[in-house]
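Peer 1: Please find the sequence and the predicted model below.
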Amino acid sequence: IYRLGGQAIFMTAQDTQISRKEPLADMARVLERYIDAIVVRTYGQEEVEELARFASIPVINALTDHSHPCQVLADLLTIQEKRGSLENLTVAWVGDGNNVANSWIFAAARLGFTLTLACPPGYEPDPQVLAWAESQGNGRILLIPDAAQAVAGADVLYTDVWASMGQEAEAERRRKAFENYQLNSELMAAAPSNAIVLHCLPAHRGEEITEEVLEGPQSAVFDQAENRLHL
């Protein structure tokens, strides 16, 4: 925002009346008198939606447990830069069916590309998100449990951490469940040689992605990170 000539104010919950139990509906209607937009990064999707319902100014979801739309928009910008186009695009998601995976499903259904999702049993994306995507009749969204099969023919290979924020207590159980879903040289060999690798960071090297893949010639991870700023 500063680079675009505007002003940005960063506030934690403790900097607002939320810390004194003020309803989100009240905060939304106070903040709209002072500012032009609200960008929210929180756990609950319902909190973002309540702010949007009561505020007359734009409310942007910068991350919730449910979705991470700004991240995926930055990813699509990166793919367009590297590939030249989003036409006939196939993206392979490998790992946890988390908030970023949900946003990839939204994107595929809106833009009409192919998305394959390789997730361990019990870690698939939100069924309601999948059902919504199916109802749109646009794009191809496939759940393929075998990671090697999912990446075959993909233009983009994408992964994320196995245990997201708030799931630290599940880390050991998740490591066992995801051991066959690592983005490594063996899995890369099952994908086209010109496929690019994306990761929304921070990465746990040696878990969901190996050092050689993250630092390899097919990785666009740090261009991807830069594009979050521009997006």
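Peer 2: That came through fine.

Peer 1: Can you give the contact residues for the host helix or strand of E46?
Peer 2: Per DSSP states H and E: E46 is located in helix 45-54. For helix 45-54, contacts defined as Cβ atoms under 8 Å, 6 or more residues apart in numbering pick out 24-25, 27-29, 38, 40, 42, 59, 61, 64-67. (C-beta placed from N, C-alpha, C; glycine too.)

Peer 1: out of those, who's nearest I196?
Peer 2: Ranked by distance to I196 (Cβ to Cβ), the contacts of helix 45-54 are led by S67 at 22.8 Å.

Peer 1: so for the following helix or strand past the helix holding E46, what's the average pLDDT?
Peer 2: Following helix 45-54 in sequence order, the next helix or strand is strand 59-63 (DSSP H and E). Average pLDDT, strand 59-63: 98.

Peer 1: which helices and strands sit right next to strand 59-63?
Peer 2: Contacts defined by 3 or more Cβ pairs under 8 Å, 6 or more residues apart in numbering; DSSP states H and E place strand 59-63 against strand 38-41, helix 45-54, helix 69-83.

Peer 1: Now the residue nearest in space to the middle of the chain: phi and psi?
Peer 2: Most central in the chain under Cα atoms, centre = their mean is V100, positioned 2.4 Å from the mean C-alpha point. V100 adopts backbone torsions of phi -70, psi -40, taken as degrees, to the nearest 10.

Peer 1: Who's the closest spatial neighbour of it, skipping the chain neighbours?
Peer 2: Spatial nearest neighbour of V100, excluding adjacent residues (Cβ to Cβ, 6 or more residues apart in numbering): H68 at 4.8 Å.

Peer 1: what about the one you found, distance to E212?
Peer 2: Applying Cβ to Cβ, to the nearest Å, the value for H68 to E212 is 26 Å.

Peer 1: Return the list of helices and strands in contact with the worst-scoring helix or strand of the chain on mean pLDDT.
Peer 2: Every helix and strand of the chain was ranked by mean pLDDT, DSSP states H and E. The lowest is helix 171-177, at a mean of 94. Judged by 3+ Cβ pairs under 8 Å, 6+ apart, helix 171-177 is in contact with no other helix or strand.
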